[in-house]
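Visitor: Predicted structure and sequence below. I'll ask about it afterward.
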Amino acid sequence: MTGLRVRATLSSGSSRGIFWMLLTMLLFVSMDTAAKYLAQSYPVLQVVWARYVFHALLLALYLNHRLPGLMRTQRLGIQLFRSLLLLITTVLFFTGLSLIPLADASAIMFVAPILVTALSIPMLGEKVGPRRWASIAVGFIGALIVIRPGGDSVQLAALLPFGAACCYALYQVITRSLSHSDQPLTTLAYTALVGAVVMCFVVPFEWQTPDTHGWLIMILIGFLGGVSQFTLIKAFQSAPATAVTPFSYSSLIWATLYGFLIFGELPDVWTIVGAIIIAASGLYIFHRENLKKSDNGPS
């Protein structure tokens, strides 16, 4: 009976974690969709400003008097560098969104988990076996299929989300490192506040006064950015990463749906093929990492 109760508890936790992850992906893609929509009328840097400023305001309201204490960190330089990496990621990705279909940009961003595996070797001292190296190579082939480099302006624009994926991978590796010294809320606070401060210095050069509709979409982007971070934490608190991470690929479904309904975009055959290859490569790497943890050896 005890074993059955434990399994039931684990199953319940996994279900909650999967729910939170699915909701997180919906929120992420909703934010990206709102950013792409707004970038049709406003400068991209102003859209990035809105994403961080309203996220920071939401976080400040939520944390209230706890915020000053949470800003204490043992590794200030690393926190600032990590926050700047996410800011650069956002600028590159939002700029890419303004130029290429939503589904294409989302598919290319899934190169990031593959790059994390490669970067974990020199930065975290992790060991990667030949099977995961092969998966990394396959994932890059999938990215090349989506990007299809060849000089066309749209294809060149696809390099922007690829650059965003590279920055985001480095950001994730540094986040892993910081998890040993700073609590998650400290890292989240720096992410929002550093981005907001930097963009407040940059945005006056690109400022275009929004109308009421523009302000509402800007507030929505910041709200979605803030809430999605909360739901992501809830996903990993509710269930093991092995249970919830594969469901992050559900964002490809949302990106395709939003792209079609709002922008009249549909991914072509090559984008679909590339996205499937990237997703399969990422899932296989994740599977091998789980085996490595249980076997304590490279895989």
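Guide: Everything's here; your move. This is a predicted model, so every value here is computed, not measured. Numbering: from 1, shown residues only.
Visitor: so where's the stretch 101-250 of the chain uncertain?
Guide: 120-128, 149-155, 179, 240-243 (pLDDT under 70).
Visitor: where exactly do the helices run in it?
Guide: 102-109, 112-124, 130-147, 153-157, 159-178, 184-202, 212-238, 241-244 (DSSP state H, counting those that start in this stretch).
Visitor: nearest to residue 33, of the ones you listed?
Guide: Nearest to residue 33, of all the helices of the stretch 101-250 of the chain, is helix 102-109, at 6.4 Å by Cβ to Cβ. Any C-beta I mention is one placed from the backbone N, CA and C, and that applies to glycine too.
Visitor: Tell me how far the closest one lies from the chain's centre.
Guide: Distance of helix 102-109 from the chain centroid (Cα atoms, centre = their mean, to the nearest Å) equals 11 Å.
Visitor: Could you tell me the angle between the direction of that helix and that of helix 130-147?
Guide: Taking axes from the mean of the first three to the mean of the last three Cα atoms, to 10 degrees, one finds helix 102-109 and helix 130-147 inclined to each other by 150 degrees.
Visitor: Just want the angle from helix 102-109 to helix 159-178.
Guide: 40 degrees.
Visitor: follow-up on the earlier one: may I see the helices of the stretch 101-250 of the chain organised as a markdown table, with mean neighbour count added?
Guide: As requested, the helices of the stretch 101-250 of the chain are exported to a markdown table (neighbours: other Cβ atoms under 10 Å):
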| stretch | mean neighbour count |
| --- | --- |
| helix 102-109 | 28 |
| helix 112-124 | 19 |
| helix 130-147 | 19 |
| helix 153-157 | 13 |
| helix 159-178 | 21 |
| helix 184-202 | 19 |
| helix 212-238 | 18 |
| helix 241-244 | 17 |
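Visitor: With residue 71 as the reference, name the closest of those helices.
Guide: Nearest to residue 71 among the helices of the stretch 101-250 of the chain is helix 184-202 (6.2 Å), distances taken as Cβ to Cβ.
Visitor: sorry, back to before: any chance of the helices of the stretch 101-250 of the chain in a markdown table, with distance to residue 47 too?
Guide: As requested, the helices of the stretch 101-250 of the chain are exported to a markdown table (distance: least, Cβ to Cβ, whole Å):
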| stretch | distance to residue 47 |
| --- | --- |
| helix 102-109 | 14 |
| helix 112-124 | 21 |
| helix 130-147 | 23 |
| helix 153-157 | 16 |
| helix 159-178 | 14 |
| helix 184-202 | 10 |
| helix 212-238 | 7 |
| helix 241-244 | 29 |
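Visitor: Could you name the stretch from those helices that's closest to residue 25?
Guide: Proximity to residue 25 (Cβ to Cβ) singles out helix 212-238 among the helices of the stretch 101-250 of the chain, at 8.6 Å.
Visitor: any idea of the angle the closest one forms with helix 184-202?
Guide: Using the same axes, to 10 degrees: helix 212-238 against helix 184-202 is 160 degrees.
Visitor: got the contact list for the residue nearest the centre of the chain?
Guide: Centroid-nearest residue in the chain, with Cα atoms, centre = their mean: residue 168, separated by 7.1 Å. By Cβ atoms under 8 Å, 6 or more residues apart in numbering, residue 168 lies in contact with 85, 86, 89, 109, 112.
Visitor: Out of the residues you listed, which is nearest to residue 56?
Guide: The closest of those, once distances to residue 56 are taken by Cβ to Cβ, is residue 86, at 12.8 Å.
Visitor: Just the buried positions in the helix or strand where the closest one lies, please.
Guide: Element membership for residue 86 (DSSP states H and E) is helix 76-97. For helix 76-97, the neighbour count (16 or more other Cβ atoms under 10 Å) marks 78-79, 82-97 as buried.
Visitor: any idea how far residue 107 is from residue 166?
Guide: Going from residue 107 to residue 166 by Cβ to Cβ, to the nearest Å gives 15 Å.
Visitor: Specify the angle between the helix holding residue 86 and helix 212-238 in degrees.
Guide: Note on geometry: by the same axes, to 10 degrees, helix 76-97 and helix 212-238 are set 120 degrees apart in direction.
Visitor: Name the surrounding residues that touch helix 76-97.
Guide: With Cβ under 8 Å, 6+ apart as the criterion, helix 76-97 contacts 32, 35-36, 39, 44-45, 47-48, 51-52, 73, 105, 108-109, 157-158, 160-161, 163-164, 167-168, 170-171, 174-175, 177-178, 182, 186-187, 190-191, 193-195, 198-199.
Visitor: first to last residue in stretch 197-217, what's the distance?
Guide: End-to-end distance for stretch 197-217: 20 Å, by Cα to Cα, to the nearest Å.
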